[in-house]
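**Student:** Sequence and predicted structure are below.
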Amino acid sequence: MRILLEKLLINYPFFFAIILFVMGAFTVLTRSNLFKKLIGINIMEGGIFLFFVAAGNIKGGAVPILVDNPGVTYINPLTSALMLTGIVVSVSVTAFALALIVRIYKIYGTTDARRIAEMRKEVKERCQQS
Amino acid sequence: MRDFVLKRVVAVIIPFISLYGFYVILHGAISPGGSFAGGIIVALSVIAFATIFGLDRAKEKLPEKILVWTDSYGTLWYVLMGLVGIVKGVPFLSNRLAGINLGVPGTLSAGGLIALIGIGVGIRVASTMITLFFTMMEEEK
Amino acid sequence: MPAVITANLPVFLIILPLIAAFILPTIARRQRLQENLLLVVGSLGLLGAGYLVYLVMHGGISSVYQMGGWPAPWGIELQVDNLASFFLLVVALIILPVFLYSRRNMAEEVGSREKVARFYVLILLLIGALAGMALTNDLFNVYVLVEVATISCVGLVSSRNHPLSAEAAFRYLILATFGSALILGGIGFIYIITGHLNMGFAAQELVQVWQYRPHVVWMALIFLLAGFGIKAALFPLHLWLPDAHSIAPTPASALLSGLAVKGYLICLFKFFYRVAVPFLLQELAIDKIMKWAGLLGIVLASLMAIRQDELKRRLAFSTVAQIGYLFLGASLMNTRGLSGTFFYLASHAVIKSALFLSAGMMISVTGKKKVSQLAGIGKKMPVTTAVFTIASLGLVGVPLFSGFVGKWYLLLGALDSGDFLSALVIIAGSVLCAAYLFPVVRLAYFEPAEIKEAQDPGIPQKLALVFLAVLVVLLGVMPGIVLELANRAALDLLTP
């Protein structure tokens, strides 16, 4: 038990990453508000980003800019660079999803997934008539 | 917004914001920051203009057509820089192998093609962000 | 000059659609020019892919392309092998008819002329991403390309000028992004325990370290299976697909069902067979999950398809069932099963595009969406209905059509591993497939016509449909090169 706790304390960023991931996934799957779903996705991705960045970090490591000092331990810059790409992707997905929510709101007048599901048949019939 | 102070201050500040953005884009290859961050800063200057002076005046200064062109050709520029390597007979996106002099580490030319690619990416990011913002402001109306 | 093209052919195949995608917005007003540009891109792509297949089969090209000249652990590589050239050929074979079909045909479905240009941009981005997925050998590049493909797919779904499209697209986007997060997590686990992003190097490390950290490897593979499973519509995770694929504009439906889903599958196969090894999958019981999901998918999705009255929805559910075949074949872990999977992937891509394009043509000409309303259309639109019939025969797996060869090899693979249940389900799936496709054909030919005015489409559309129908028959009568390539790809993956 004590060994487990010690491991947890040393690797606490991973612990938080898992918590964030699960929180986000829970939000996406259980909330019916479309905005909350989107926020859940963002939290989930945040968890993954933290996971990657924590994996590249070394305690006491320096910023990876080369200086003429042989004794320095550098942190791994690769994971941070990868997550920069990941963040850009997540930003564009968020922007796209927001645009879609605006369109959905114009059609249904609500952003609640349950009410949209109820109204879907109505809208379908309406567009078949016209 | 009609606030006089705000307008004057923004009018003075905007060129400096843009300049800083371009600085970050250009030095992306050799220092923290880079073309993505720089492009966002350039876009911010336009967004500040649009929020203070109104969307119509911003569109007068920066028509949609120009945004479409920078959007497309910023990315094409990237591909073109990649093709330099192929023309020289080495793989796609080659830098030093393509015979480009990388100069002294720490100076602007040290990135070789990367600095040039960064310009294209920066322009692209800026125009994409501006387009996004303009589109959302239009939805607001 | 030819030497330059030969050496850099893989890169050209990726950047060709991307260049076209970035030129298109600047000529958004000039529709004729756009369409000609697309045809040029499609033909060049087909030529290039065919040449690449020739080069790969005769060993005329090095199997590794180093981006920027950096060697493997540091640089990013493209792996030019049988699997990649096989999938590139499939992509090139589908996009040419899709471009032909959408010629002067899109404005109504998408909305306005300017939106047509955006639609084409999304298609080209999707194709570029698919070509990249086929070729890449880098774990993180897979994530980026998957994400590009996902955003373009969602864009294609939402581009339909229809009140329900935004909602279907949003559901697709949320689930697909959920899948991307899982994929990224899986890649993270692999990177943490192996320290490499290059597939070859990660595989070498993984074989050695998996015994010390079996749970991490298991987590990584499950994350990848779930993530790609959502995107490729593995059975219980397919919930977004019927809505999204049936609401998308017709050429987009053909591309999404025919190609996009398979691109994710190819990536999954790369992860499972190239990074992990088949032995590892069996040890961690991943193949059992794939097998049962595939079996359930074939039976249940087919049963759901029978109940659908809307033609495009029926075809969308049929896609879920056919994806079940692919997962089932991949779980068999023997050469014949896997080469059958690859061949079935190609034949389903061709068949499903033909089905969606011909069905979409019937729907857009008559304005009737339901199967029961399309009675007697065979006499009014002979070419379209004939193509639909040929493709149906192919999907059911009648001999002399392409589906038969794939199913035959899957059956042999199932019998090779002594799995009689799978063999039974493969045959039962064919029967169910006949049960949901043949009623459409029967109604079209043997019922009195309800529709008054309907005509076959214009020449480009006819040409596209006939091209696909000829492919369905050709792949069935002489599967030669494609089967050989599928065989070699399967051998490559199974022998590390």
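**Tutor:** Good, I have the coordinates. Numbering: from 1, shown residues only, chains lettered A, B, ... in the order given.
**Student:** Contact partners for the residue nearest to C:E453 when sequence neighbours are not counted?
**Tutor:** Sequence neighbours aside, C:K380 is the residue nearest to C:E453 in space, at 7.8 Å (criterion: Cβ to Cβ, 6 or more residues apart in numbering or on different chains). (Each C-beta comes from the backbone N, C-alpha and C, glycine too.) Counting by Cβ atoms under 8 Å, 6 or more residues apart in numbering or on different chains, C:K380 makes contact with C:A449, C:I451, C:E453, C:A454, C:Q455.
**Student:** Repeat that for C:V216.
**Tutor:** When contacts are counted by Cβ under 8 Å, 6+ apart, C:V216 is found next to C:F189, C:I192, C:I193.
**Student:** change it to 10 Å
**Tutor:** Going by Cβ atoms under 10 Å, 6 or more residues apart in numbering or on different chains, C:V216 touches C:F189, C:I190, C:I192, C:I193, C:V209, C:W210.
**Student:** Report the two of those separated the most.
**Tutor:** The span of these, defined through Cβ to Cβ, is set by C:I192 and C:W210 at 13.1 Å.
**Student:** Among those two, which residue is more densely surrounded?
**Tutor:** Neighbours per residue, other Cβ atoms under 10 Å in any protein chain shown: of C:I192 and C:W210, the larger number sits with C:W210, 22 against 18.
**Student:** I'd guessed the more buried one sits against C:V275; true?
**Tutor:** No - with contacts counted by Cβ atoms under 10 Å, C:W210 stays clear of C:V275, the gap being 11.0 Å.
**Student:** How about the residues of chain A by chain B?
**Tutor:** Counting by Cβ under 10 Å from any Cβ of the partner chain, chain A comes close to chain B at A:63, A:65-66, A:81, A:84-85, A:87-88, A:91-92, A:95-96, A:98-99, A:102-103, A:106.
**Student:** Leaving aside the residues adjacent along the chain, what's closest to the most centrally placed residue in chain A?
**Tutor:** The residue lying closest to the centre of chain A (Cα atoms, centre = their mean) is A:E45, at 1.9 Å. Nearest residue to A:E45 in three dimensions, chain neighbours excluded: A:S90, at 4.8 Å (Cβ to Cβ, 6+ apart).
**Student:** pretty sure the one you found is in contact with C:S180, am I right?
**Tutor:** Yes - using Cβ under 10 Å, A:S90 is in contact with C:S180, at 8.9 Å.
**Student:** what sits in contact with each of these two?
**Tutor:** With Cβ under 10 Å, 6+ apart as the test, A:S90 and C:S180 both reach A:I41, A:M44, A:E45, A:I48, C:E147.
**Student:** And for the second one, nearest residue in space, chain neighbours not counted?
**Tutor:** Spatial nearest neighbour of A:M44, chain neighbours left out: A:G24 (2.8 Å); criterion: Cβ to Cβ, 6+ apart.
**Student:** got it, and A:F14?
**Tutor:** Using Cβ to Cβ, 6+ apart, the closest residue to A:F14 is A:A54 (5.9 Å).
**Student:** Run the chain-centre distance for the strand or helix carrying that neighbour.
**Tutor:** Per DSSP states H and E, A:A54 falls inside helix A:34-56. For helix A:34-56, the separation from the chain centroid amounts to 2 Å (computed by Cα atoms, centre = their mean, to the nearest Å).
**Student:** so for it, what's the average pLDDT?
**Tutor:** For helix A:34-56, mean pLDDT rounds to 93.
**Student:** Tell me which other helices or strands that helix touches.
**Tutor:** helix A:12-30, helix A:77-108, helix A:113-129, helix C:165-194 (3 or more Cβ pairs under 10 Å, 6 or more residues apart in numbering or on different chains; DSSP states H and E).
**Student:** Write out the residues of chain B neighbouring chain A.
**Tutor:** Taking Cβ under 10 Å from any Cβ as the contact definition, chain B meets chain A at B:30-32, B:34, B:36-37, B:40, B:105-106, B:125, B:128-129, B:132-133, B:135-136, B:139-140.
**Student:** Show the overlap between those residues and what lies near chain C.
**Tutor:** Okay, of those, nothing touches chain C (Cβ under 10 Å from any Cβ).
**Student:** Just the ones of those residues in helices?
**Tutor:** Judged by DSSP state H, the subset of the residues of chain B next to chain A located in helices is B:F36, B:A37, B:I40, B:V125, B:T128, B:M129, B:L132, B:F133, B:T135, B:M136, B:E139, B:E140.
**Student:** Turn the buried ones among these into a named PyMOL selection, would you?
**Tutor:** Per 16 or more other Cβ atoms under 10 Å in any protein chain shown, the buried members of those correspond to this PyMOL selection:
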select buried, chain B and resi 36+37+40+125+128+129+132+133
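**Student:** any weak-confidence spans in chain A?
**Tutor:** A:128-130 (pLDDT under 70).
**Student:** hmm, 80 instead?
**Tutor:** A:63-71, A:123-130 (pLDDT under 80).
**Student:** Next: chain B.
**Tutor:** Scanning chain B for pLDDT under 80 picks out B:1-2, B:29-33, B:96-112, B:139-141.
**Student:** Same check on chain C?
**Tutor:** Applying pLDDT under 80 to chain C flags residues C:1-2, C:60, C:104-108, C:111-114, C:449-456, C:496.
**Student:** what about the strands in it?
**Tutor:** C:64-66, C:77-79 (DSSP state E).
**Student:** and the last one, how far from the chain's centre?
**Tutor:** Averaging C-alpha positions (Cα atoms, centre = their mean) puts strand C:77-79 21 Å from its chain's average.
**Student:** Would that strand count as contacting chain A?
**Tutor:** No - Strand C:77-79 does not reach chain A (Cβ under 10 Å from any Cβ); its nearest approach is 15.8 Å.
**Student:** Report whether that strand contacts chain B.
**Tutor:** Yes - Strand C:77-79 lies within reach of chain B by Cβ under 10 Å from any Cβ, at C:L78.
**Student:** name the helices or strands packed onto that strand?
**Tutor:** Of the remaining helices and strands, those touching strand C:77-79 by 3+ Cβ pairs under 10 Å, 6+ apart are helix C:9-23, strand C:64-66, helix C:113-135, helix C:199-209.
**Student:** Do any residues in the shortest one lie close to chain B?
**Tutor:** Yes - applying Cβ under 10 Å from any Cβ, one finds that strand C:64-66 is in contact with chain B at C:Y65, C:Q66.
**Student:** check whether that strand contacts chain A.
**Tutor:** No - counting by Cβ under 10 Å from any Cβ, chain A is not contacted by strand C:64-66; separation bottoms out at 17.8 Å.
**Student:** Give me the helices and strands touching that strand, please.
**Tutor:** Packed on strand C:64-66, when contacts are counted by 3+ Cβ pairs under 10 Å, 6+ apart, are helix C:9-23, strand C:77-79.
**Student:** Now the terminal residues of stretch C:22-38, how far apart.
**Tutor:** Stretch C:22-38 has an end-to-end distance of 12 Å (Cα to Cα, to the nearest Å).
**Student:** Do you have the strands of chain B handy? List them.
**Tutor:** Remark: strands of chain B are absent; assignment by DSSP E.
**Student:** Those residues of it touching chain C, which are they?
**Tutor:** Within chain B, the positions near chain C by Cβ under 10 Å from any Cβ are B:65, B:67-69, B:71-80, B:82-83, B:85-98, B:113, B:124.
**Student:** how close does the residue nearest to A:F14 get to C:A244?
**Tutor:** 35 Å (Cβ to Cβ, to the nearest Å).
**Student:** now do B:L113
**Tutor:** Taken as Cβ to Cβ, the span from B:L113 to C:A244 is 40 Å.
**Student:** These two: which has the busier surroundings?
**Tutor:** Neighbours were counted for B:L113 and for C:A244 using other Cβ under 10 Å; C:A244 has more, 29 against 20.
**Student:** quick revisit: keeping just the C-alphas, turn the helix holding A:A54 into PDB.
**Tutor:** In PDB, the C-alpha atoms belonging to helix A:34-56 read as follows (Å, rounded to 0.1, in the frame of the first residue of the first chain):
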ATOM      1  CA  LEU A  34     -24.200  20.100 -26.700                       C
ATOM      2  CA  PHE A  35     -22.000  22.800 -25.200                       C
ATOM      3  CA  LYS A  36     -21.200  20.600 -22.200                       C
ATOM      4  CA  LYS A  37     -20.400  17.700 -24.500                       C
ATOM      5  CA  LEU A  38     -17.900  20.000 -26.400                       C
ATOM      6  CA  ILE A  39     -16.400  21.100 -23.100                       C
ATOM      7  CA  GLY A  40     -16.100  17.500 -22.000                       C
ATOM      8  CA  ILE A  41     -14.200  16.700 -25.200                       C
ATOM      9  CA  ASN A  42     -11.800  19.600 -24.500                       C
ATOM     10  CA  ILE A  43     -11.300  18.400 -20.900                       C
ATOM     11  CA  MET A  44     -10.600  14.900 -22.100                       C
ATOM     12  CA  GLU A  45      -8.100  16.100 -24.600                       C
ATOM     13  CA  GLY A  46      -6.500  18.300 -21.900                       C
ATOM     14  CA  GLY A  47      -6.000  15.100 -19.900                       C
ATOM     15  CA  ILE A  48      -4.200  13.500 -22.800                       C
ATOM     16  CA  PHE A  49      -2.000  16.600 -23.300                       C
ATOM     17  CA  LEU A  50      -1.000  16.500 -19.700                       C
ATOM     18  CA  PHE A  51      -0.200  12.800 -20.000                       C
ATOM     19  CA  PHE A  52       2.100  13.400 -22.900                       C
ATOM     20  CA  VAL A  53       3.800  16.500 -21.400                       C
ATOM     21  CA  ALA A  54       4.300  14.700 -18.100                       C
ATOM     22  CA  ALA A  55       5.900  11.800 -19.900                       C
ATOM     23  CA  GLY A  56       8.500  14.100 -21.500                       C
END
